[in-house]
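**Q** When you get a sec, could you give me coordinates for this:
(one chain, ligands or ions: 1)
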Amino acid sequence: MLETRISRRAALIGAGAVAAWLASPARALLQAVGRLDVPPFVDQLIGRMTLEEKAGQLSLMASAWGGGAALALNPPQGNADFPRQVEEARKGQLTGVFNGNGATMARILQTAAVKESRMKIPLIFAADIIHGHRTIFPVPLAEVASFEPDLARRTAEAAAFEAAGAGIDWTFSPMVDIARDQRWGRGVEGGGEDVLMGRLFAAARVQGFQGSDFKSIDHMLACAKHFAAYGAAEEGLDYNTVDMSEERLREVYLQPYKAAFDAGALSAMASFNDINGVPSTGNHWLMTDLLRGEWGFQGFVVSDYTGDEEMIAHGFAKDGRDAARLALLAGVDMSMQSGLYRQHLPDLVRKGEVPQATLDQSVRRVLAMKAMLGLFDDPFRRIDVKRESARSMLPRTRALAREAGRKAIVMLKNERDLLPLPRSGKKIALIGPFARGQHDLVGPWVVYGDDAKAVDLATGFRSALTDKNSLIIAEGSGVEEPIAGGIEQAVTAARAADIVVLAIGEGQGMSGEAQSRTEIVVPEPQQALAEAVATAGKPMVVVLKHGRALALQGAVANAPAILATWFLGTETGNAIADVLFGDYSPSGRLPASFPLRSGQEPYYYAHKSTGRPNPPGPLEAYKAHFRGIPNSALYPFGHGLTYGKIDYSGLALSAPALPMSGEIAITATVTNRGTRAAEEVVQLYTHDRVASLTRPVRELKAFRKVALAPGQSEVVRFTLRASDLAFYSRDNRLTVEPGSFDVWIAPSAEADGLHATFELTA
Ligand code: BGC
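**A** Below you'll find the model as predicted:
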């Protein structure tokens, strides 16, 4: 019998703190790493520093290494003067650089800082290690599909091992912004639409990056970003306004950041957006009252890239000087890239517009963190050219990338058991812009990965097929542009084959920063390709590439088999072949709902009910639906099929009522009636029927991944406590109200599953 114990939020309710439910490995480290130790020498140093040197310690810049990673990511920065940057390090005008280029570069800069600057304070080296360093793992959203937080912990740890080996002390990760509008491009970097998943994966990633010892040369400091609610941008338009009730902010959007801090993350990045009229970067309530006052966060906050300066365009700061003042006073300790802190803070302090104590406090946090990372003991501890190459792309790291890749794949549909495909005896036409070639596999936010090391689909297929000649390949179309004659060739290939695998979807540049889309569909030329290829009448498997949930249409939606494969990184082709040819029974579940149409966005399963919900079945007049379309998902959060046939039965509750101080057990039996082994993700949802504030129609409270051999049954047992049913009331306090609750054990957020009710009694 399996048991899943759900959050023990009750203990924290009185204190007004939010949930601290974490995956079990996180709990052990919770107390150990959440504290910032300030050694006495830090204040001695501060006592000897000039105002300019203090402002320098709060100024982080993109690496100016010519032609390097930072410049490739952000060509407009125009800051490629490396000798000048070395000079800045020498003069104490720099706290560190980000997205630099490895140990050689780091050694030059660090030498200037610790040997040639007056205060000899070491630099910190940061980078966007979002889903891998050299070995690229699935994009973060894809990893959430595994419903296995520990997998994300392991890939974060492996990424840290490679990156720390290359001199990186600090990653701008995890990105923990809940994203419920698929038009937004940056959902690909995060934990999806759900609160519980957001919390679990945030904590797991912090654990993986940081390990249990900040001084370790195998780990690095994590940074929870983008604080806060960046994923709630209106219209899904990147950088846009957020305006929402404090209850929702606390109950949904703030939760994963809190989980990251509880797991020990000692840095945070301010988000670009404003919240209820105040940009995060200048938001004292957010950065100081809530983060430090209420939550007790002891680490430091960095702005996002020129986020302080952007308060001018927001219409919140008059000029650069005002922006620097507002940001520091709000509680943003470090300025990224604008240079405004080093330009204006000394004068602001001299003129009494910023208290010196505030400046010193920020410097103290930054220096204490550098000390905790071991940089004062040995500034070169992570900078070692030999270690950098010795750790790069080890076989075990690639094996982990392949494991993570397989686990991230979600089988959306598999009519008449079209999958898995045979390894021999059939001709397979692999068609589409992603059939061949290493571009568009690794996904957005790859700073150091090398496309050329990635396994493409054709290569993965060939190594899985017994008869290599049974594979026919046709590109058919570009990602967003048609290819002359491409469709004809593709149709010819489809006709010559027994089975078609159509690899289509978004290019990797179509999600990520500043990549909002109005229509979240397969790009038009590829949709046309799908329609044409379908006319060949061959069984068709659609293999989707995507950085967000998509609205599937026409021949794509109608294909008998569909796999959601996201961007899987270095081992893409192998991971997809593992699933397609049956080496691995798909076990992924959607971390974000696929809507029926783009126009439903933001669509998420945990929505509220209207006063006129349309009952299941046909659309009724004057009920909540769109013209001709119900307001439900094509494939909801939590959906995903396996190669088994999973049956749910025997829902049982340990009692009809849950007393405030007790618990209730909910059990069900899952059986694999198929002929192949499978892993099922059993999900538990609840709904509070009547409350003083309306509640979501369903909320995920727990899940369990269960391995089932053919014919095997397993009883899955969950326990719920009153605290698991808490919500933020109108006065922004966690509250639990007695009353009736629905409970489901189900294979997805919108599947009927097994249903029961119970009473929460006072
Ligand atoms: C992004 C951050 C990133 C930073 C540094 C910004 O544009 O919003 O997520 O960490 O750049 O590259």
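**Q** dump the residue contacts of the residue most central in space within the chain.
**A** The centroid of the chain falls nearest to G190 when counting by Cα atoms, centre = their mean (1.7 Å). G190 sits next to 140-141, 174-179, 198, 231 when contact means Cβ atoms under 8 Å, 6 or more residues apart in numbering. For every residue, glycine as well, the C-beta is placed using N, CA and C.
**Q** which of those lies closest to the ligand?
**A** M175 (6.5 Å; Cβ to the nearest ligand atom).
**Q** Name the nearest residue to the residue in the stretch 301-450 of the chain positioned nearest to the ligand, sequence neighbours excluded.
**A** In the stretch 301-450 of the chain, the residue that lies nearest the ligand is Y305 (3.8 Å; Cβ to the nearest ligand atom). Leaving aside its sequence neighbours, Y305 sits nearest to Q337 (Cβ to Cβ, 6 or more residues apart in numbering; 5.0 Å).
**Q** How many residues are close by that neighbour?
**A** Q337: 22 surrounding residues under other Cβ atoms under 10 Å.
**Q** got it, and E415?
**A** 12.
**Q** Could you check how far it is from V522?
**A** Computed as Cβ to Cβ, to the nearest Å, the E415 to V522 distance reads 19 Å.
**Q** With I217 instead?
**A** As defined by Cβ to Cβ, I217 lies at a distance of 45 Å from V522.
**Q** Of those two, which one has the most company?
**A** Applying other Cβ under 10 Å to I217 and V522 shows that V522 carries more neighbours, namely 27 against 17.
**Q** that older thread, for the residue of the stretch 301-450 of the chain closest to the ligand, helix, strand, or coil?
**A** coil (DSSP: H, G, I helix; E, B strand; the rest coil).
**Q** ok, now I473?
**A** When classified by three-state DSSP, I473 comes out as strand.
**Q** what sits opposite it in the beta ladder?
**A** Beta-bridge pairing of I473 under DSSP bridges involves L430.
**Q** these two touch, right, it and L430?
**A** Yes. When contacts are counted by Cβ atoms under 8 Å, I473 is listed as touching L430 (5.1 Å).
**Q** who has more neighbours, those two?
**A** L430 (26 against 20).
**Q** Can you tell me how far that one is from A493?
**A** 8 Å.
**Q** D360 now?
**A** Distance from D360 to A493, by Cβ to Cβ: 68 Å.
**Q** Look at the two and report which has more neighbours.
**A** Higher neighbour count among D360 and A493: A493, with 24 against 16, using other Cβ under 10 Å.
**Q** For the helix or strand where the more buried one lies, which helices and strands make contact with it?
**A** Assigned by DSSP states H and E, A493 belongs to helix 486-496. In terms of contacts (3 or more Cβ pairs under 8 Å, 6 or more residues apart in numbering; DSSP states H and E), helix 486-496 is packed against strand 428-431, strand 471-474, helix 524-534.
**Q** The helix or strand following it to helix 486-496, inter-axis angle?
**A** Next in sequence after helix 486-496, counting helices and strands by DSSP H and E, comes strand 499-505. Angle, strand 499-505 to helix 486-496, by axes from the mean of the first three to the mean of the last three Cα atoms, to 10 degrees: 150 degrees.
**Q** Pairing partners for strand 499-505, with directions?
**A** Sheet pairing for strand 499-505, using DSSP bridges, gives strand 428-431 (parallel), strand 540-545 (parallel).
**Q** Dump those to CSV, plus distance to A532 and mean pLDDT.
**A** Below are the strands paired with strand 499-505 laid out as CSV (distance: least, Cβ to Cβ, whole Å; pLDDT from 0 to 100):
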stretch, distance to A532, mean pLDDT
strand 428-431, 10, 98
strand 540-545, 12, 98
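**Q** Dump these to CSV, plus distance to D322.
**A** Below are the strands paired with strand 499-505 laid out as CSV (distance: least, Cβ to Cβ, whole Å):
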stretch, distance to D322
strand 428-431, 56
strand 540-545, 44
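**Q** rewinding a little: any residues in contact with both of I473 and L430?
**A** By Cβ under 8 Å, 6+ apart, the residues touching both I473 and L430 are 436, 458.
**Q** Would you tell me which one of the strands paired with strand 499-505 is buried the most?
**A** Of these, the one with the most neighbours on average (mean count of other Cβ atoms under 10 Å) is strand 428-431, at a mean of 28.
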